[in-house]
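*Asks:* Need coordinates for the below:
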Amino acid sequence: GTAWWVEGPAGCGKTSLCESLLGHHITQAGVRRWPLAEETKREPWQMLRLVPWQENSRLFRLGDYFHQQRWHAAESLEGPTVLEFCGENRAVFAALEAVDLFGRMNQPMVTLSSGQMRRARLARALGEEPVGLIVEEPFAGLDNAQRRRLEDYLKARVAGGMGLVITG
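*Replies:* Numbers count the residues shown, from 1 in each chain. Prediction:
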């Protein structure tokens, strides 16, 4: 139910911080603890979702397609659709609606704009109903209306108990 904003110049370690919150880095000194993980007997990576700046999952990598492919309709029908990428459950449908992609769920991911791609990635993470969401630069590539819409949705999720860390 809390939100943090972490800001700094490129290369200052924001991504490393995000990965550390998931437990991906070894602690050099001191002790790190996740009280909620200890209480629920779950690992941090089981409760938290990271939406990094660049998608590089096995489900979809934009690098698997050529840069201009979204403008070549005949070739753009390959690859997963938004729904295939995000999954299919009540929480995904709510997230797709909240980020204004519900009407595009059958559209191939490769045909999305950069802002739509970011919103699809957020919907996928939110559809897993994480205890906490860690997201790098979620508002990049979004117009003002989409920023407000996403901000309102994230505020509602935090008010509902989800933790949030945003880097910018």
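
*Asks:* give the contact list for residue 53.
*Replies:* 15, 136-137, 140 (Cβ atoms under 8 Å, 6 or more residues apart in numbering). (Each C-beta comes from the backbone N, C-alpha and C, glycine too.)

*Asks:* same deal with residue 123?
*Replies:* Contacts of residue 123 were listed using Cβ under 8 Å, 6+ apart, and they are 82, 86, 92, 95-96, 98-99, 101.

*Asks:* could those go into a markdown table alongside pLDDT?
*Replies:* A markdown table is the format used below for these (pLDDT from 0 to 100):
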| residue | pLDDT |
| --- | --- |
| 82 | 94 |
| 86 | 94 |
| 92 | 95 |
| 95 | 94 |
| 96 | 95 |
| 98 | 91 |
| 99 | 92 |
| 101 | 95 |
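
*Asks:* Closest to residue 158 out of these?
*Replies:* residue 98 (13.3 Å; Cβ to Cβ).

*Asks:* For the residue nearest to the closest one when sequence neighbours are not counted, pull up the helix or strand it's in.
*Replies:* Excluding the flanking residues, the one nearest residue 98 by Cβ to Cβ, 6 or more residues apart in numbering is residue 153, at 4.1 Å. Assigned by DSSP states H and E, residue 153 belongs to helix 144-159.

*Asks:* Quick check: buried residues in that helix?
*Replies:* For helix 144-159, the neighbour count (16 or more other Cβ atoms under 10 Å) marks 146, 149-150, 153-154, 157-158 as buried.

*Asks:* Pipe the residues you listed into CSV and attach pLDDT per row.
*Replies:* Shown next, in CSV, are the buried residues of helix 144-159 (pLDDT from 0 to 100):
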residue, pLDDT
146, 89
149, 91
150, 91
153, 92
154, 94
157, 93
158, 95
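
*Asks:* quick one: the strands in this structure?
*Replies:* 3-6, 48-51, 132-136, 163-167 (DSSP state E).

*Asks:* which helices and strands sit right next to the first one?
*Replies:* Read it as strand 3-6. helix 144-159, strand 163-167 (3 or more Cβ pairs under 8 Å, 6 or more residues apart in numbering; DSSP states H and E).
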